[in-house]
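> show me how the following folds:
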Amino acid sequence: MASAFLSQKGIKHLLIDKAVFPRDKVCGDALSGKVFSVLGKLDNQIRNHLANDPDCFIPCEGIVFIAPNGKSIDIPFKPKGKTPDVGPSGFVSKRLDFDHYIHRFLDSDTCTFLQGHMLEDIERTKDFLKLTVRDESSEKLLITTDLLIACDGERSIAAKRLAGFKKELNHYSAGIRTYFKGVTGMHSENYIELHFLKDFLPGYLWIFPLPNGLCNVGAGILSSHASRYHINLRDRLMLAIRNHPDLSSRFTNAELIGKVEGWGLPLGSKRRRLSGDNFLLTGDAASLIDPFTGEGISNAMYSGMAAAEIAVEAISNRNFSENQLKKYDDRIFNRLGNELKLSRTMQHLCNYPFLFNMVVNKASRNKELRETISCMFDDLDIRSKLKSPMFYFKLAFGDKVK
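Predicted coordinates for the structure are as follows:
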C-alpha cells in the first residue's frame, strides 16, 4: 500500500521484499470493510473486481460469535436496510491470492521492486540510513536512504534497531492457522466464525470460509497466558476439532490441507513510537494488530497509505527529521487510537466469560441488541458502551440498551 500510494503521487522509490510473489503469509485471511476504504482510493471498483473472481475471493457479510457457554449469535456487518448497499461488506481470501492481487497496484515507472531480497541490518549515519540487503544468491547490497518506510512485519529489524521495540508478552499474541476442506455447517452468507471456547480465552478459535470449499481454521491466544500455563496451541486446536461437541461432527469428513503453521501477532494494546529520524513503521512492524479480533490487514493498509502521504510531505520539504515525521504518529493514533483502546478493553472482557455469555444470551433474544452490536463495527461511540458497567447492568435486569 505504501508503494501504491507513493506511485499515485509520482514518487520514485525502491521496494524490497524477502519473498518472491506469489507467496503465502500466515493469516486468518479475512478482509474487513476497512480494507476497502483504503483500496477504494486506488480503485473505486475494487469490490466489483473481487466479487467477479470467485476462485480467489468470496463475499462475507458478518460474524457468528459463539460464547463460552456454546450459545451463538449471527451479527451482520451492516444492519439490513439501514446502510447504503455498496456491494459485499467484506471478503475472505487466502493471503497467497490477496497479496498477489495487491501486487498488481505496483507501478514499474515509479517503483523498483527487489523481490527475494532480505534486509539484514540497518546502520544510522549522520544524515541517512544504510541498509544491508542480501539477495537469494547471498550477494550483499548496501543501500542508503533518506527515508525508510518499514513494512517488515512481526520480526521487524527496523522496529528493533530504530525504535527499540522489544517483545512484551502482555501485548503479543500467538496464532496458528491451517486449511481444511469439507467442513460442514458453514453459514449461507459466508459469515466468519469466532468461537470463544474456554480453553482459548483470552483468545478464540476461528473458522473462516474460503473459495472452493476450503476453510481457514486457526486459533490465537494472548502470549502471556500461553506462557504462564504452558499451552501448546496446535495441540489444543486439534483436540478441540476432534472432541468439542459443537465442532467434532463438522470435521468428521474434513481433510487437513497442508501444515499447521504459526506466527506472532504484535498487538496495538500499547501506544508506541512509530517514527523517528529517517523512518516510519507500518503494519505489524508498528504493532497495530487489533487486540480483540487479532485482525491486522486493515490497520496495516491504512498505515501504509498514511506513511506514503507523510513521506510525500517530507520529500517536498526535504526534511526527514523526527520532528517532521511525528505527524505520522498523530495521524495513526487519531484514526486508530480509540479503536485500539476499546479493543484492549474487549480483550479484557474475555477474562470474564460470564459477561460474554450474558451478552450473547440476551442478543440471541433481542433484535435491538443484535443491531446495536452490528453497529459497533463502524461506530466507536456505540462500541464504547462495552466499557460501561451500566451496559451490563441494563442487560442483566432487562432494560433496553440505548
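> can you give me the domain assignment for this structure?
Here the domain assignment for the chain is 2-60+86-167+269-347, 169-266, 352-396, based on automatic domain parsing.
> ok, which of those domains comes nearest residue 69?
domain 352-396 (4.5 Å; C-beta to C-beta). C-beta here means a position set from N, CA and C on the backbone, and glycine is covered the same way.
> what is the rounded mean pLDDT of the closest one?
The average pLDDT for domain 352-396 rounds to 69.
> out of the domains of the chain, which is closest to residue 79?
Residue 79 lies closest to domain 352-396 among the domains of the chain, at 4.9 Å (C-beta to C-beta).
> where along the stretch 301-402 of the chain do the helices fall?
Secondary structure of the stretch 301-402 of the chain (DSSP state H, counting those that start in this stretch): helices at 322-349, 353-365, 367-375, 380-383, 389-396.
> could you list the low-pLDDT ranges of this structure?
Along the chain, segments meeting pLDDT under 70 span 80-85, 371-402.
> scan it for its longest strand.
The residue-count maximum for a strand in the chain (DSSP state E) belongs to strand 255-266.
> for that strand, buried residues please.
By neighbour count with 16 or more other C-beta atoms under 10 Å, strand 255-266 contains the buried residues 260-266.
> dump it to PDB, restricted to CA.
The C-alpha atoms that make up strand 255-266 are tabulated as PDB, following Å, rounded to 0.1, in the frame of the first residue of the first chain:
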ATOM      1  CA  GLU A 255      -9.500 -33.200   5.200                       C
ATOM      2  CA  LEU A 256      -6.500 -31.300   6.500                       C
ATOM      3  CA  ILE A 257      -4.800 -29.400   3.700                       C
ATOM      4  CA  GLY A 258      -1.100 -28.600   4.300                       C
ATOM      5  CA  LYS A 259       0.500 -27.900   7.600                       C
ATOM      6  CA  VAL A 260      -0.500 -26.200  10.800                       C
ATOM      7  CA  GLU A 261       1.600 -23.000  10.800                       C
ATOM      8  CA  GLY A 262       2.200 -20.400  13.400                       C
ATOM      9  CA  TRP A 263       3.200 -16.700  13.700                       C
ATOM     10  CA  GLY A 264       3.400 -14.000  16.200                       C
ATOM     11  CA  LEU A 265       0.900 -11.100  16.500                       C
ATOM     12  CA  PRO A 266       2.200  -7.800  17.900                       C
END
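> how about the domains of the chain in TSV, adding distance to residue 71?
Shown next, in TSV, are these (distance: least, C-beta to C-beta, whole Å):
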stretch	distance to residue 71
domain 2-60+86-167+269-347	18
domain 169-266	10
domain 352-396	5
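> so who does the residue sitting nearest the centre point of the chain touch?
Central residue of the chain (C-alpha atoms, centre = their mean): residue 296, 1.6 Å from the mean position. Counting by C-beta atoms under 8 Å, 6 or more residues apart in numbering, residue 296 makes contact with 265, 283-284, 288-290.
> pick the one among the residues you listed closest to residue 159.
residue 284 (9.0 Å).
> did I read that right, that closest one in a strand?
No: applying DSSP: H, G, I helix; E, B strand; the rest coil, one finds residue 284 to be helix, outside a strand.
> doesn't residue 153 make contact with it?
Yes: with contact defined as C-beta atoms under 8 Å, residue 284 reaches residue 153; the gap is 4.6 Å.
> who has more neighbours, those two?
residue 284 (26 against 19; other C-beta atoms under 10 Å).
> re the thing from before, which one of the domains of the chain lies closest to residue 76?
Among these, the nearest to residue 76 by C-beta to C-beta is domain 352-396 (5.5 Å).
> correct me, but residue 12 touches residue 110?
Yes: between residue 12 and residue 110 there is a contact under C-beta under 8 Å: 5.0 Å.
> more crowded one of the two?
The neighbour comparison of residue 12 against residue 110 (other C-beta under 10 Å) goes to residue 110, with 17 against 12.
> list the contacts of the more buried one.
6-7, 10-13.
> 6 Å instead?
7, 12 (C-beta atoms under 6 Å, 6 or more residues apart in numbering).
> turn the contacts of residue 296 into TSV, including distance to residue 218.
TSV is the format used below for these (distance: C-beta to C-beta, whole Å):
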residue	distance to residue 218
265	11
283	19
284	16
288	20
289	14
290	15
